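got a predicted structure here, sequence first:
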Amino acid sequence: MMTKKLTSILMIAFVLMFSLAIVSASITSPSTITLSASQNSVDFTVADDVDVDTDDITVPSSAQISDGTNVINIAFTGTLTVSDDDTTGETITATYASVPADFEAGVHSKTITLTEGASTKTVKVEYVSAFCEVGAINDSDLDLTVEVNNKGSGEDDEWVLLDRVQVEVEIDNGMDVDLDDVVIELGLIDEEGNNVADDLEWISDDEEEKEIGDVDEGKDEKHEFEFKVSNDLDDGNYFLMVKAYPEGEEEDTCIDYFEDFYLPISIEREGEDDRQIVFEDVMVDPEVVPCGQEITITATAYNIGEMGDQDAVKIKLYSSDLDVDEERVIEDFDADDEVNVEFTLIVPKNLTEGDYTLKLYSRYDYDEDDDEDDNDDLTYDDQYFDEQSEVEKITITTHGKCQGSLVTDVDIDAELSEDTPRAVIGRQVVIEVTLENTGNEDATYDVSVSGVSDWAEVADIDPEQVTVEAGESETVSIYLDIDNDAEAGDEEFTITAEVAGTEVEQKVLLTLEEGWAAGIITDNIKENWFIYLIILVNIILVVAIIIVVAKMVGRKRTTA
């Protein structure tokens with residue numbers, strides 16, 4: 001008999017405990033109640049979702065929301081009673097009377113507790129403060145639209161670390177006055193009410209604040225903010241805020257935005273297994289490289305994944321065409337960490353000119369216990385890494401000195417001939433041109449000159465076509481007749497060597513000088529030689545007469 005009583009008591013206790021467990025989970029209501037400057041009251045429903053006898057559901061009569069300095073008093077209407085006959089719930093109202101003028105912009109919250117006997121339910125009550133310093137003011141004829149475009153792997157309102165995001169803001173001035181020096185400012189508010197826009201990796205100019213100039217009456221202007229979601233940001237919920245105002249006049253005219261004035265944003269760590277480790281800022285130096293030369297590849301690796309801390313990560317660079325198989329091991333690569341990696345390699349000489357692809361990727365989710373040998377040494381073999389990242393493809397271009405290609409490069413060097421060390425106006429000057437075949441096969445070059453028609457004439461190119469063996473040099477002489485009316489000073493012309501449809505040009509600077517007096521006299525003699533001949537003959541005759549007279553006078557003196 002006692003056993004039956006004890007069993008009954010236990011059954012009753014079990015039922016009571018089971019019923020209490022049901023009741024403890026029976027309160028339903030919104031998880032968050034949001035108030036803002038444009039909405040100073042909000043109705044919400046509290047219900048009991050099970051059909052059992054219950055105690056009254058109690059809602060606190062008030063709560064205070066603080067920005068750390070100032071306080072907003074939130075009032076809740078009355079106490080709810082929900083019976084077992086009414087499971088649809090009752091509606092109450094949360095209101096606030098006023099907000100301090102200097103209440104900090106952002107999202108501020110307070111958690112309240114609803115009770116029903118022994119059961120409880122917590123609800124977050126939040127106040128979203130205006131982004132404008134004193135709240136939106138004089139904005140009835142202003143319109144601010146915001147469009148978010150996530151270029152990364154996440155959604156427009158769900159960002160993943162390192163996503164590249166564009167935010168286009170347009171202000172439309174419907175006022176009857178012009179707005180001068182309008183500023184558009186972007187804010188990103190975290191769950192604690194802090195503006196963390198400074199922590200974004202900004203791509204656009206002037207970062208989160210941009211002065212876009214005047215917005216005249218009836219006109220609109222746009223600005224696009226662009227940034228990367230920094231690896232330093234915590235995952236969680238944020239609010240994107242934007243405001244616009246004339247510079248220095250925010251207290252007189254300001255408009256802010258949310259579907260009213262804020263936009264909820266969530267920032268998450270990467271969930272895809274092959275994107276736990278990603279690469280940014282991949283650079284190749286140089287991008288175009290002669291065969292046989294050195295090339296450097298750098299990149300920054302980030303740990304952005306939900307897997308979190310990594311005991312070890314292996315970074316690999318591979319290309320079968322370039323005979324590259326390099327790797328770097330990074331130990332203790334924790335969540336939010338970043339590291340710069342660098343690979344230096346020599347491009348093979350036996351390639352054909354063209355584009356080649358290298359693959360950059362990582363291996364992670366490393367199992368150190370499996371890797372340890374009897375001596376506790378670690379090998380970091382690929383087999384001990386369970387995951388591999390997406391492949392980042394890197395392109396390089398080979399050009400020059402490649403044994404697998406016909407290369408016809410030529411170096412051109414020009415200098416004045418020793419016979420004409422100066423370029424004198426009205427005279428001929430000779431330029432000695434050296435063609436060096438830097439290709440890998442013999443080549444025949446057609447040589448030409450351009451850019452001299454205003455001050456000289458090409459008298460000759462000797463030879464106009466020349467064959468140069470690979471690695472050797474040949475000289476071509478260019479004869480220029482400088483015009484008599486050319487002006488003294490620097491003149492530039494171009495020497496071109498063409499081979500196999502490819503032209504190589506070399507600019508040459510030539511300094512023209514005035515001729516000297518002896519040259520002018522010579523030219524005059526050449527032009528008037530007959531006159532000078534007569535003068536010379538006359539001089540000779542005069543000298544001869546003088547000599548004859550002198551001899552005759554000498555003989556007379558001797559006879560005397």
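On my side now, so go ahead. Numbering: from 1, shown residues only.

okay, CA-based contacts and neighbour counts for the rest of this
Noted.

and stretch 371-382, what's buried?
Within stretch 371-382, the residues that count as buried by 16 or more other CA atoms under 10 Å are Asp371, Tyr380.

I'd like the average pLDDT over that stretch.
Across stretch 371-382, the average pLDDT comes to 79.

what's the answer for stretch 398-405, then?
Averaging pLDDT along stretch 398-405 yields 80.

centre of the chain versus it, how much separation?
Here stretch 398-405 is found 32 Å from its chain centre; the criterion is CA atoms, centre = their mean, to the nearest Å.

what about that stretch, how long is it end to end?
Counting by CA to CA, to the nearest Å, you get 10 Å between the two ends of stretch 398-405.

buried stuff in that stretch?
By 16+ other CA under 10 Å, the buried positions in stretch 398-405 come out as Thr398, His399, Gly400, Lys401, Cys402, Gln403, Ser405.

before we move on, what about stretch 122-133?
Going by neighbour count (16+ other CA under 10 Å), the buried part of stretch 122-133 is Thr122, Val125, Glu126, Tyr127, Val128, Ser129, Ala130, Phe131, Cys132, Glu133.

now do that stretch: everything it contacts.
Stretch 122-133 is contacted by residues 29-37, 65, 102-114, 135-136, 241-243, 250-251, 254-256, 261 when judged by CA atoms under 8 Å, 6 or more residues apart in numbering.

what's the answer for stretch 379-391, then?
Applying CA under 8 Å, 6+ apart, the external contacts of stretch 379-391 come out as 273-278, 314, 329, 359-368, 370-372.

cross those residues against helices and list the overlap.
Among the contacts of stretch 379-391, DSSP state H puts Glu368, Asp370, Asp371 in helices.

helices or strands up against the strand or helix carrying Leu480?
Counting by DSSP states H and E, the element that carries Leu480 is strand 473-482. The contact analysis (3 or more CA pairs under 8 Å, 6 or more residues apart in numbering; DSSP states H and E) places strand 473-482 against strand 428-437, strand 456-462, strand 465-468.

again, 10 Å this time
Helices and strands touching strand 473-482, by 3 or more CA pairs under 10 Å, 6 or more residues apart in numbering; DSSP states H and E, are strand 410-416, strand 423-424, strand 428-437, strand 443-450, strand 456-462, strand 465-468.

before we move on, the earlier item: counting only strands, which of the buried residues of stretch 398-405 make the cut?
Thr398 (DSSP state E).

the buried residues of stretch 398-405 into CSV, with extra columns for distance to Thr352?
Formatted as CSV, the buried residues of stretch 398-405 follow (distance: CA to CA, whole Å):
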residue, distance to Thr352
Thr398, 8
His399, 9
Gly400, 9
Lys401, 9
Cys402, 6
Gln403, 7
Ser405, 5
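
which one of the buried residues of stretch 398-405 is nearest Ile478?
The closest of these to Ile478 turns out to be Gly400 (CA to CA; 28.3 Å).

I'd guessed that closest one sits against Pro348; true?
No - the criterion here is CA atoms under 10 Å, and Gly400 misses it with Pro348 at 11.8 Å.

any common contacting residues for these two?
Residues touching both Gly400 and Pro348 (CA atoms under 10 Å, 6 or more residues apart in numbering) are Pro290, Cys291, Gly292, Gln293.

so is the third one in a helix, a strand, or just coil?
Meaning Gly292. What DSSP: H, G, I helix; E, B strand; the rest coil gives for Gly292 is coil.

check contacts around it.
Neighbour list for Gly292: Leu345, Ile346, Val347, Pro348, Lys349, Asn350, Leu351, Thr398, Gly400, Lys401, Cys402, Gln403 [criterion: CA under 10 Å, 6+ apart].

hmm, try it at 7 Å
By CA atoms under 7 Å, 6 or more residues apart in numbering, the contact list for Gly292 reads Ile346, Val347, Pro348, Lys349.

shaky segments in the protein?
Applying pLDDT under 70 to the chain flags the ranges 1-25, 38, 49-55, 78-79, 82-88, 258-262, 373-375, 406-408, 516-527, 554-560.

now the helices for it?
With DSSP H applied, the chain shows helices at 2-24, 368-371, 517-527, 529-559, listed in chain order.

how much space separates the nearest residue in space to Val71 that is not next to it in sequence from Ile72?
Spatially, and ignoring its direct neighbours in sequence, Val71 is nearest to Ile65 (5.6 Å; CA to CA, 6 or more residues apart in numbering). According to CA to CA, Ile65 and Ile72 sit 5 Å apart.

same check, this time on Ala299
Counting by CA to CA, the separation of Ala299 from Ile72 is 49 Å.

what subset of the contacts of stretch 379-391 is buried?
273-278, 314, 359-368, 371.

which ones among those map onto strands?
For the buried ones among the contacts of stretch 379-391, membership in strands holds for Ile277, Val278, Lys314, Lys359, Leu360, Tyr361, Ser362, Arg363, Tyr364, Asp365, Tyr366, with DSSP E as the criterion.

could you work out the most separated pair of the residues you listed?
Across those, the longest distance by CA to CA is 20.8 Å; it joins Lys359 and Tyr366.

who are the contact partners of the nearest residue in space to Glu209 that is not next to it in sequence?
Excluding the flanking residues, the one nearest Glu209 by CA to CA, 6+ apart is Glu185, at 4.4 Å. For Glu185, the contact set (CA under 7 Å, 6+ apart) comprises Glu208, Glu209, Lys210, Val242, Lys243, Ala244.

again, 10 Å this time
Shown in contact with Glu185 (CA under 10 Å, 6+ apart): 131-132, 169, 197, 207-211, 225, 241-245, 256.
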